[in-house]
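Asker: structure, please.
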Amino acid sequence: MTAAAPGFLTWLEDDAPLPPTRLALGPGSDAPGLVAAGGRLDVARLEEAYRRGIFPWYGPGQPVLWWSPDPRMVLPVTEFRIAPSLRKTIRRFLRTPGSELRFDSACRAVIEACATTPRPGQEGTWIVPTVADAYARWHERGAVHSVETWVDGQLVGGLYFVAIGRMVFGESMFARHADASKIALAALVAACRARGVAVVDCQQNTAHLARFGAREIPRDDFERHLTRATREALPRPWSYDSSAWATLGLALDPDHAA
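Answerer: The predicted structure follows:
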């Protein structure tokens with residue numbers, strides 16, 4: 001690893017550790033939050049990075065770019081905002097025959113859908129093939145999970161996330177039907193509440209996530225929470241449990257519980 005002072009980017013060799021996040025480029029730079037460039041992208045590196053609040057984000061033809069923004073966008077699950085119209089949509093989805101919510105039944109398919117589904121005003125994707133492959137391998141090791149919305153046996157929306165201890169990092173969402181990704185997000189928040197997970201990391205500020213209650217916090221505060229949460233044991237594995245909807249005030253009629 002080539003050493004760097006604040007304001008100068010570290011070029012990372014394969015066998016070198018990631019630099020401290022305090023060396024990330026600052027707000028006056030062209031790439032605020034960029035910690036390092038280069039190096040390998042594998043499960044071990046991802047584990048190292050996420051435990052320190054660093055994540056990869058880069059496009060086709062670029063080296064691996066490692067980021068730690070300051071401030072950090074997070075969604076405190078107790079502050080999740082769910083519009084009345086979405087509540088009605090979720091209730092209708094859960095009570096419609098052929099509509100299902102699943103965890104981890106098609107994680108690789110969700111990652112690929114997030115990479116390929118067109119998004120208004122956005123060209124290309126950061127989920128390049130090397131990224132998709134790395135997170136799919138991490139899923140096989142048990143750290144990456146998906147929340148999926150299905151209709152009549154077809155995957156119509158979902159998201160994938162990283163979970164270490166009681167720390168959850170939201171990665172990307174997609175929808176092929178209206179509100180399919182929003183339903184998956186609500187299901188993830190409900191599952192987090194049921195498992196004592198306090199915060200979903202959203203990485204960077206987006207107006208879409210802000211509408212659900214996500215907000216920015218200082219990186220130092222995020223890293224203190226990260227250190228505690230990654231050391232805590234999850235009380236039960238990630239799987240769909242219809243009773244978790246009660247944490248959002250969406251308790252189902254027993255006749256409709258999945």
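Asker: strands of the stretch 151-258 of the chain, start to end?
Answerer: Taking DSSP state E, counting those that start in this stretch as the criterion, the stretch 151-258 of the chain carries its strands at 154-164, 167-175, 199-203, 215-217.
Asker: partners of the third one in the sheet?
Answerer: When pairing is defined by DSSP bridges, strand 199-203 lines up against strand 72-76 (antiparallel), strand 167-175 (parallel).
Asker: what of the shortest one?
Answerer: Each strand that pairs with strand 215-217, with its direction, by DSSP bridges: strand 72-76 (antiparallel).
Asker: which strands and helices sit next to whichever helix or strand comes after the partner strand?
Answerer: Counting by DSSP states H and E, the element after strand 72-76 in chain order, helix or strand, is helix 84-95. Identification of packing neighbours for helix 84-95 by 3 or more Cβ pairs under 8 Å, 6 or more residues apart in numbering; DSSP states H and E yields helix 180-195. Every residue, glycine included, has its C-beta placed from N, CA and C.
Asker: residue 183 against residue 156, yeah?
Answerer: No: under the criterion of Cβ atoms under 8 Å, residue 183 makes no contact with residue 156, lying 9.4 Å away.
Asker: for residue 226, the count of nearby residues, please.
Answerer: Residue 226 has 23 neighbours, counted by other Cβ atoms under 10 Å.
Asker: distance of the closest residue to it other than its chain neighbours from residue 234?
Answerer: Computed as Cβ to Cβ, 6 or more residues apart in numbering, the closest residue to residue 226 that is not its neighbour in sequence is residue 53, at 5.2 Å. Distance of residue 53 to residue 234, given as Cβ to Cβ, to the nearest Å: 19 Å.
Asker: those two: who's more crowded?
Answerer: Between residue 53 and residue 234, counted using other Cβ under 10 Å, the more crowded position is residue 53 (24 against 15).
Asker: tell me the contacts of the more buried one?
Answerer: Residue 53 sits next to 21, 68, 72, 201, 219, 222, 223, 226 when contact means Cβ atoms under 8 Å, 6 or more residues apart in numbering.
Asker: those in helices, which ones?
Answerer: Counting by DSSP state H, the part of those found in helices is 219, 222, 223, 226.
Asker: the last one contacts residue 167, correct?
Answerer: So that's residue 226. Yes: using Cβ under 8 Å, residue 226 is in contact with residue 167, at 5.9 Å.
Asker: I'm done for today, thanks for sticking with me.
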